[in-house]
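Peer 1: task: produce atomic coordinates for the following.
(2 chains)
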Amino acid sequence: MVQKIENAIVRYARAVIKYRWLAIGLSLAVTIAMGTGAQYLGFSTNYRVFFSKYNPQLESFERMQDIYTKADGILFVLVPDDGDALDADTVKAAAQLTTGGWQIPYATRVDSVNNFQDTRAEGDDLTVGDLIEDENSDLAYAKKKALAEPFLNGQLIRDTANMVGINVTLTFSSDDPREVAKAVKVARALARKVEADNPGHRVRITGLTMLNNAFAESSQNDMMTLIPIMYGVILLFAMITLRSFTAVAGTLLVIMLSTITGMGFAGWVGIKLSPPSAMAPTMIMTLAVADSIHILLSMLVAMRKGMKKDDAIVESLRVNFGPVFLTSLTTAIGFLSMNFSEAPPFWHLGNITAVGVAGAWLYSILFLPALVSILPMRAKKESESTVAAGLGSLAEFVIARRKQLLVGVSAVAIGLSLFIPRNEFDDRWVEYFDETMAFRTDSDFTADNLTGLYQMQFNLKSGEEGGIQNPAYLQNVQKFQQWLESRPQVVHVVSFTDVMKKVNRSMHGDDEAYYKLPESRNLAAQYLLLYEMSLPYGFDLNNQINIDKSATRLTATIRDMSTRETREFAAETEAWLRANTPTSMHATASSAAVMFAHISIRNLVGALTGAFLALILISGILMLTLRSLRVGTISLVPNLLPALAGFGVWGILGGRVTMSLALVTGMTIGIVVDDTVHFLAKYLRARREQGMNPQDAIRYVFQTVGPALVGTTVVLVAGFIVLAQSHFEMNSSMGKLTAITIVIALAADLLLLPPLLMMFEEIWAKKDKKKEQRHMTKGYRKLVDSIATGALLLVLGTSSVYAETAEEKGLAIAIEADRRDIGFSDFSADSLMILKNKRGHTSTRHTRVRTLEVIDGGDKTLVLFDKPRDVKDTKFLTHSKMTGNDDQWLFLPALKRVKRISANNKSGPFMGSEFSYEDISSQEVEEYTYKWLRDEGNNFVIERYPVDKKSGYTKLVTWLDKEHYRLQKVQFHDRKGDLLKTLDYKDYHQYLGKHWRPNLMTVVNHQTGKSTDLQWSNYQFKKGLTARDFDRNALKRTR
Amino acid sequence: MNFALFPLAILLVPALAGASEWRTGGLAGIEVRGFTQAAAFAGQHQGSAVSGFFEPEISFGQDRWSLIFRPYLRIDQQDSERTHFDIREAYWETALDRWELRIGIRKVYWGVTESLHLVDFINQIDAVENIDGEDRLGQPMVNLALVREYGTLDLFALPGFRERIFPGEDGRLRPGPSISEDDRILQSGNGRAHTDWAARYSHSLGDWDIGVSHFYGLTRDPRFIARNGALVPVYELIHQSSIDLQWTVGGFLWKFEAIDRTGQQDRFKALVAGYEYTFNGLIGVADLGVLSEYQWDQRGKSGSSPADNDVFLGARLAANDEASSELLAGMVQDLDHETRFFNIEASRRIGENFKATLEGRFFSAVRSGDPTSTFSQDDYVEFGITRYF
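Peer 2: Numbers count the residues shown, from 1 in each chain, chains lettered A, B, ... in the order given. Model (predicted):
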């Protein structure tokens, strides 16, 4: 099988060299076909990209956005150097920003202290007008009003009045990212102009639109700065390791084509890049380089040994084709596990990178060999590497100190893992951007000095049309507002009641005593009408009340707090509403802040599911390719441990976890498994093919793959450190944590995996020794034609003759009995059971039994039920194990269901008869210990003691005839040691000149008086049954 | 295997089979279902309902290939919709060393859990037979199973969609508004002629049994929209990925099933997980199994599945006597409110060819709005006698 595959690879490699121009053409065709998709690439400029359309918080927020005016916007903060924001020069600058704000594309509303709609009473009339007409207005009056006005104070001005805010609400016509860019461009120009026209003033810009823009700018920044750095790193690395111009050029071309393929794919499927997915090219480059390096290094080594270039290429492909495919596959699986995330940008990152990795694999085995076969290439003589020498002494250290290392490294890993709980999710979007970005500093400044950036909005319904004029409703809203204002988390609350109170006061000659809600519904309705009629364009109340006046929006600005606190506070507000207001008002808190507060947790669940599936898939693949369940299981340790320890280190380093970090686990499993694959594959090859002992095999692994492991780790860590330079926290922390995890993985592979392997090898060796005994007996058939047979028989013969103790003699008899039945291959027979109860009433059972002999393992038995008819077509399959529990399956015909059942039932009755499951199952020598009692006429009498505690018996006194070693009689003693049953074997016939089978087995239960006769007929041997007749699929067959 | 020889092989296999034989069998039975409460909805029958069924089986073949035909007929005294005929199985199968091929109408079972069958999705539920979802309608299919050392890969092409059959106006155990099966909506362009596809990988690895499946096609599990006072079933084109795991260790069977479905409104996941532990020889030779499973559905209370956040507790007593007496009792408790469902099933063989069965299902404290609430007046006890041929 392995040989076949290798031959195919060699044929393939020769073909690639022969048709090298075609191979290059084909590769480039793939690149062009994929790469042309890149023209459709674009950058997303909306924070909503982080939420899938199924996100419940997004849904709730969008619903609110549909009812009221959208709240996205730009907030200018005007900061005068003189600290007085309401003096003439600052008022002028604010006026400039206010009017300029209207010029920003898509602006639908501008709110400032200047244009605040001041309500005054003039006689019976209500006058509504700008608070500050121009710098000549009564500024003292304006200041008094502004600071007393709940809408302004805490939002656009503070008690200190040292700065003012100008908020521009924008309503974009589509999701086209260019609209945001256009608005931001005008806004920035306006800010610069105001600063230039008004010396001594600074304008800072923040708001959700700026956030959206920052996402796009940060993506572009990352791509423009990080990718060139990455090329530099790879160039350096390739030059050091390969030291060949052609090889370096080939490597760079492969990563370039892979990146183009991945990004082209993104374009074709219409992905809009966001900061996380903008990491994809850097990631592809980091991961792609390993494939090329492995192939080129092997080739150079072969050339140094004197091979011709083309032969070296073929040899390199032969050796590397499998591992490169496998590591690409596991890496792709790791990245594809990101699709379980909650946030679409990570789906994109995972999918683009997976396609890029697949591309890297294709180009490494198709384009690269063809290219190096065309270009000239020489292998320089290699000097003794210091890395290899260092690894040699490391190997000796690891072997000598394995016990200390096992304990020490495990202790460190567990110790680190203890810090995992220190990590806390925090997805405050402002902090996604580092302090080199103006958006971050401006936003921080605003949050510290003027107002909070995070909001919670509530859609409070009255339950009836026009119900917002109902005094009871207004009272409830006011109660909620007052409660919110009393909470330490809240900076500012805007609600519709402020408007009502203001109008009421104005209608009573600005008497402060009337700054309260109107007492009747009619009055409220009148006020509302009056107020709305006197508002100028752009100041309607649509941002606070809905069209049929049945609901109002209440907006609370909250302090800067962690996402967990945000989530808890949102829940608290919702609980308050439920406890204190009528059902119609039970609103949920929604806003961008609430959305980000929930996504971490939702994302974590998805990410862990993905990581778990990736782990299962990858471990499965590993077990299959390594063809060893044991070693595959051990491989879990160095694959899982780095993720755990990595998060522990992260916890020590501060533990701020953004949602991207949840995805590191799945991703790194796919990456770090590569080292493990190379390590274990080489280790098993040394053990299996070269017959080395575990210690030598570990020395061999350190020497052969050690340098490559260190090398690839260096390039991976370098790549992810480059990513850590991103100005976007999700990306930089992902880069950092991944780099940490990969370093830990290398340490685990070098320091923990070898001691683990050595320890388990010792345990397995002990286990296998037990098996050896078995091998000696059942392995007989394999040796049947060899001289060894004679020797074996001699050994067995003498052992039974000269056996000294009763135990040894008992065992020897059992082994001989077993040996005499070896080689039946398979047999089938029909059975008829006749069950008799105490009163002599009988019932019958018809089954057919098929058994397959398995030389080195337990036999397999399939029982097909025919009667009673209600169990017809039920099937019972047992795979016996020499040690440990058997595997058993039952097929239930009515449901067509195959059910794995517990083998614990071995003491239970079979089909209600006096035979238990253990009586009818294949009995292996190892399942008992033995003692010879006496010889009784023509019979040996031995006692068998079940090893398995679940057996229903403590002792089986067994009679075997001396001539043919056939079972004649068995007395079963139950768990209390009392005699339970006697089984007699009668009417033996010999088949194929060798195998004896009874035609009748009679069992009598001495404790119940019941008995069962088991009649056998239609024995057939060597029917040619195979394992396929004893697998789970066979259970489902009709016959 | 050369695929050019494939048709030849199909022809040759039966011809080479000398030892082919005919086998016939089947079962027939009579059941009396007594409802303990007055009907909840107008039109539903009161009291008891007598029904009978007949399920003969005929097959031809031998070890590695066979033909089988198994039709099914039920006649119900009260509910004309429950009187129905179905071909449960009619197919040809052959098993070679590395693959198995089955063509025709079949029933396929996937999954490991007892209280809920999430992963089992190939065959449509025969909803008029029983509400436990274990009776299924025959599904036309071509099923190629690739049997390898690393597991079995089953590929299914499923031409011909089977709609769910619901109880009629007279029937109990139905929703209040009648279900308008004639107006049913199929999202496929070509209606019932749509071909669905599925693939499943399954393997036993040591103590683990694993299955990973994917289904693409018309959902077996419709949602309903209200139209003209009736409920119209909507069958959408869905993708469903699923995984089922069983870990058999000691006397424990640890079970896990999970699905992820897209295409039927919002994408959602659901799972059922739990264990089964058997005490062997508890009283004499009798075995007592205890079962506990947790059921979860992401759609929550708004979804059509009652198993959204529920716990199933059950016990199975197998007497291991000559008559194979068995008793299964279980309860499903909704963790969000007091809705509770009790179930009891017992059976015992009488003589060689008869079997008596008893089944009881009771709905307790069902909260309105829960999908089972329409059954709240439909507690019943059923007694049946089955004759096996």
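
Peer 1: what's near enough to touch A:Tyr503?
Peer 2: One thing to correct before we go on: residue A:503 is Val, not Tyr. A:Thr119, A:Leu126, A:Tyr527, A:Leu528, A:Leu530, A:Tyr531 (CB atoms under 8 Å, 6 or more residues apart in numbering or on different chains). No exception for glycine: its C-beta is placed from N, CA and C like everyone else's.

Peer 1: pretty sure it is in a helix, no?
Peer 2: Yes - residue assignment for A:Val503, taken from DSSP: H, G, I helix; E, B strand; the rest coil, places it within a helix.

Peer 1: lowest average confidence, helix or strand, in chain B?
Peer 2: Per-element confidence for chain B was summarised using mean pLDDT, DSSP states H and E. The lowest value among helices and strands belongs to helix B:6-16, with a mean of 44.

Peer 1: the contacts of A:Val503: which two are farthest apart?
Peer 2: A:Thr119 and A:Leu528 (12.7 Å; CB to CB).

Peer 1: picking that back up, show me how far the helix or strand just after the least confident helix or strand of chain B is from its chain's centre.
Peer 2: If you walk from helix B:6-16 toward the C-terminus, the next helix or strand you reach (DSSP states H and E) is strand B:21-35. Chain-centre distance of strand B:21-35: 18 Å, with CA atoms, centre = their mean, to the nearest Å.

Peer 1: so B:Ala199 sits in a helix?
Peer 2: No - when classified by three-state DSSP, B:Ala199 is found to be strand rather than part of a helix.

Peer 1: got a list of what it touches?
Peer 2: Contact analysis of B:Ala199 by CB under 8 Å, 6+ apart lists B:Leu153, B:Asp154, B:Leu155, B:Phe156, B:Ser213, B:His214.

Peer 1: same question, A:Met623
Peer 2: Taking CB under 8 Å, 6+ apart as the criterion, A:Met623 is in contact with A:Leu629, A:Gly632, A:Thr633, B:Leu205.

Peer 1: in CSV, list those along with secondary structure and pLDDT.
Peer 2: What follows is the contacts of A:Met623, written out as CSV (DSSP: H, G, I helix; E, B strand; the rest coil; pLDDT from 0 to 100):
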residue, secondary structure, pLDDT
A:Leu629, helix, 79
A:Gly632, helix, 79
A:Thr633, helix, 81
B:Leu205, strand, 87
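
Peer 1: for the most centrally placed residue in chain B, which non-adjacent residue is spatially closest?
Peer 2: The centre of chain B sits closest to B:Glu134, judged by CA atoms, centre = their mean, with a distance of 2.8 Å. Spatially, and ignoring its direct neighbours in sequence, B:Glu134 is nearest to A:Leu895 (6.1 Å; CB to CB, 6 or more residues apart in numbering or on different chains).

Peer 1: burial measure for the one you found, as a count.
Peer 2: With neighbours defined by other CB atoms under 10 Å in any protein chain shown, the count for A:Leu895 comes to 15.

Peer 1: which SS class is it?
Peer 2: Strictly by three-state DSSP, A:Leu895 counts as coil.

Peer 1: A:Ile616 is in contact with A:Gly632, correct?
Peer 2: No - the pair A:Gly632 and A:Ile616 does not pass the contact test of CB atoms under 8 Å, sitting 11.7 Å apart.

Peer 1: so these two - more neighbours on which side?
Peer 2: Applying other CB under 10 Å to A:Gly632 and A:Ile616 shows that A:Gly632 carries more neighbours, namely 19 against 15.

Peer 1: now that one. Nearest residue, chain neighbours left out?
Peer 2: Counting by CB to CB, 6+ apart, the nearest residue to A:Gly632 once its immediate chain neighbours are dropped is A:Met623, at 3.2 Å.

Peer 1: also B:His194?
Peer 2: Of all residues not flanking B:His194 in the chain, B:Ser188 sits nearest, at 3.5 Å (CB to CB, 6+ apart).

Peer 1: show me the contacts for the one you found.
Peer 2: So B:Ser188 contacts B:Phe161, B:His194, B:Gly217, B:Leu218, B:Leu237 (CB under 8 Å, 6+ apart).

Peer 1: and the stretch 251-389 of chain B, which of its residues are near chain A?
Peer 2: Residues of the stretch 251-389 of chain B lying close to chain A by CB under 8 Å from any CB of the partner chain are B:251-253, B:266-267, B:278, B:280-281, B:285, B:287, B:320-324, B:349, B:352-353, B:355, B:386, B:388-389.

Peer 1: if we can go back for a sec, any idea which helix or strand carries the residue nearest to A:Gly632?
Peer 2: Take DSSP H and E as the rule and A:Met623 turns out to sit in helix A:592-626.

Peer 1: quick check: the residue of the stretch 151-300 of chain A nearest chain B.
Peer 2: Among the residues of the stretch 151-300 of chain A, A:Val269 lies closest to chain B, at 16.6 Å counting by CB to the nearest CB.
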